[in-house]
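Q: coordinates only, no sequence provided:
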């Protein structure tokens with residue numbers, strides 16, 4: 001399972017920049033189709049909100065690749081029957 005987590009970490013690292021590229025390319029094409037202020041504001045907000053999320057994808061992938069999720073500690077506040 002740990003090997004799978006590391007491979008998926010590589011996937012997350014790749015998905016982050018690809019998603020940013022696709023978002024910016026789509027925003028550019030949509031703004032060129034309809035160059036009004038409303039469209040520019042809408043896509044500007046999308047980009048500003050999504051870039052930190054994509055950076056989070058990259059960080060999550062780096063942590064998974066580094067093995068930080070190999071051993072997840074059990075919670076000390078588990079309910080005992």
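A: Yep, that arrived. Because the structure is predicted, anything quoted here is derived from the model rather than measured.
Q: please count neighbours and contacts with C-alpha atoms only from this point.
A: OK.
Q: which non-adjacent residue is nearest residue 9?
A: Using CA to CA, 6 or more residues apart in numbering and skipping the chain neighbours, the partner closest in space to residue 9 is residue 61 (3.8 Å).
Q: which helix or strand contains that neighbour?
A: Assessed by DSSP states H and E, residue 61 sits inside helix 37-66.
Q: what distance separates that helix from the centre of its chain?
A: Distance, stretch centre to chain centre, for helix 37-66: 6 Å (CA atoms, centre = their mean, to the nearest Å).
Q: tell me which residues of that helix are tucked away?
A: Of the residues in helix 37-66, 39-40, 43, 47, 51, 54-55, 57-65 count as buried by neighbour count, 16 or more other CA atoms under 10 Å.
Q: phi and psi next, for residue 34.
A: Main-chain torsions, residue 34, degrees, to the nearest 10: phi -140, psi 80.
Q: what is the neighbour count of it?
A: Counted with other CA atoms under 10 Å, the neighbours of residue 34 add up to 11.
Q: what helices and strands are in contact with the longest helix anywhere in the chain?
A: When the chain is parsed with DSSP state H, its longest helix is helix 2-33. Here helix 2-33 touches helix 37-66, going by 3 or more CA pairs under 8 Å, 6 or more residues apart in numbering; DSSP states H and E.
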